[in-house]
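Enquirer: have a look at this fold, sequence not included:
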């Protein structure tokens, strides 16, 4: 059995307003809704990263927020059903 990992990146969010906690709260709210509708649990780990682009000659202070999710091998759900549920949560964010 293998664990599958999914990561989504959010660019352009103002880090003065958006924090890991705020993004995590929004993710959790949508994940709870999807879980209630489908029975599929979509976990998420929120990370913030500093964006560096060598095509730009100076650092611009851009922050990227990442949410990493893992489909545990013991989850009794098809990969396609998990992906559909994951996409639904991610699109609401």
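Expert: Looks like it arrived, so ask away. This structure is a prediction, so every number in the text was calculated from the model and none was measured.
Enquirer: mind listing what residue 75 touches?
Expert: Counting by C-beta atoms under 8 Å, 6 or more residues apart in numbering, residue 75 makes contact with 40, 41, 82. Using the backbone N, CA and C atoms, a C-beta is placed for each residue, glycine as well.
Enquirer: give me the three-state assignment for it.
Expert: coil (DSSP: H, G, I helix; E, B strand; the rest coil).
Enquirer: the one 5 residues further on too?
Expert: The local conformation at residue 80, judged by three-state DSSP, is helix.
Enquirer: per-residue confidence at it?
Expert: As predicted, residue 80 sits at a pLDDT of 92.
Enquirer: what about it, distance to residue 9?
Expert: Distance, residue 80 to residue 9, by C-beta to C-beta, to the nearest Å: 23 Å.
Enquirer: between the two, which is the more surrounded one?
Expert: Legend: neighbour count by other C-beta atoms under 10 Å for residue 80 and residue 9, higher for residue 9 (11 against 8).
Enquirer: ok, what's across the strand from the more buried one?
Expert: Per DSSP bridges, the residues bridged to residue 9 are residue 66.
Enquirer: quick one: residues contacting it.
Expert: By C-beta under 8 Å, 6+ apart, the neighbours of residue 9 are 64, 65, 66.
Enquirer: just residue 83 next, same as before
Expert: residue 6.
Enquirer: give me the contacts around the helix ranked longest in the chain.
Expert: The residue-count maximum for a helix in the chain (DSSP state H) belongs to helix 20-38. Residues outside helix 20-38 that contact it (C-beta under 8 Å, 6+ apart): 10, 13, 40-44, 46-48, 65, 67, 81, 85, 88-89, 92-93.
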